[in-house]
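[1] My questions concern the predicted model and sequence given below.
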Amino acid sequence: MEAYQSGSNVLFILLGAIMVLAMHAGFAFLELGTVRKKNQVNALVKILADFAMSTLAYFFVGYGIAYGVHFFSGVETLMAKNGFELTKFFFLLTFAAAIPAIISGGIAERAKFHPQLAATFLLVGFVYPFFEGIAWNQAFGIQAWLKASFGEAFHDFEVGWK
């Protein structure tokens with residue numbers, strides 16, 4: 001029964017991740033509709049490169065900052081609970097990558113390629129994971145300070161990743 005429940009949880013999170021990944025296609029079509037025809041291919045390449053850079057930044061830096069889990073551990077650790085940790089990473093990656101995708105639409109035809117990729121790396125690798133770790137992982141002691149100072153910690157929603 002435990003394996004069935006764990007597998008069901010992994011499937012549910014994976015389906016959610018696929019839906020959020022599909023949002024990126026929506027961001028792409030929205031952005032392509034806002035640029036001139038001559039820049040549509042350029043905008044699409046920027047969107048794809050943003051997602052690729054987001055994946056690298058979150059894999060190598062961001063997920064470790066937010067949750068203290070690094071992917072240079074043994075396969076037994078990563079595949080525990082039917083691969084839940086890997087599925088959780090993919091789910092959270094799709095949200096982290098949405099930040100630069102939204103920004104990319106706002107600066108379409110106005111930003112150079114390399115500075116935009118550098119900003120994506122910084123946002124997804126450092127800024128977003130810092131706040132993600134605070135809100136969802138009780139990291140850095142800020143939640144404890146909020147509870148001690150104001151009587152209650154910040155609650156985004158109850159994640160229940162356990």
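    Great, that's in hand.
[2] Tell me the secondary structure at the closest residue in space to residue 28 that isn't next to it in sequence.
    Leaving aside its chain neighbours, residue 28 sits nearest to residue 47 (4.7 Å; criterion: CB to CB, 6 or more residues apart in numbering). The C-beta positions use only the backbone N, C-alpha and C, and glycine is treated the same way. Following DSSP: H, G, I helix; E, B strand; the rest coil, the label given to residue 47 is helix.
[3] so residue 47 makes contact with residue 30?
    No. Residue 47 is beyond contact range of residue 30, at 10.1 Å (criterion: CB atoms under 8 Å).
[4] Which of those two has more residues huddled nearby?
    residue 47 (22 against 13; other CB atoms under 10 Å).
[5] how much space is there between that one and residue 104?
    For residue 47, the distance to residue 104 equals 6 Å [CB to CB, to the nearest Å].
[6] between these two, what contacts are shared?
    Counting by CB atoms under 8 Å, 6 or more residues apart in numbering, the shared contacts of residue 47 and residue 104 are 27, 31.
[7] residues contacting residue 66?
    So residue 66 contacts 92, 129, 130, 132, 133, 136, 137, 139 (CB under 8 Å, 6+ apart).
[8] Mean confidence (pLDDT) on the helix or strand where residue 65 lies, please.
    Taking DSSP states H and E as the criterion, residue 65 maps to helix 63-67. Average pLDDT, helix 63-67: 92.
[9] Could you list the alpha-carbon positions for that helix in PDB?
    Extracted C-alpha coordinates of helix 63-67, given in PDB (Å, rounded to 0.1, in the frame of the first residue of the first chain):
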ATOM      1  CA  TYR A  63      17.500  23.600  -5.700                       C
ATOM      2  CA  GLY A  64      20.500  23.200  -3.400                       C
ATOM      3  CA  ILE A  65      19.900  26.700  -1.900                       C
ATOM      4  CA  ALA A  66      16.200  26.200  -1.400                       C
ATOM      5  CA  TYR A  67      16.100  22.600  -0.200                       C
END
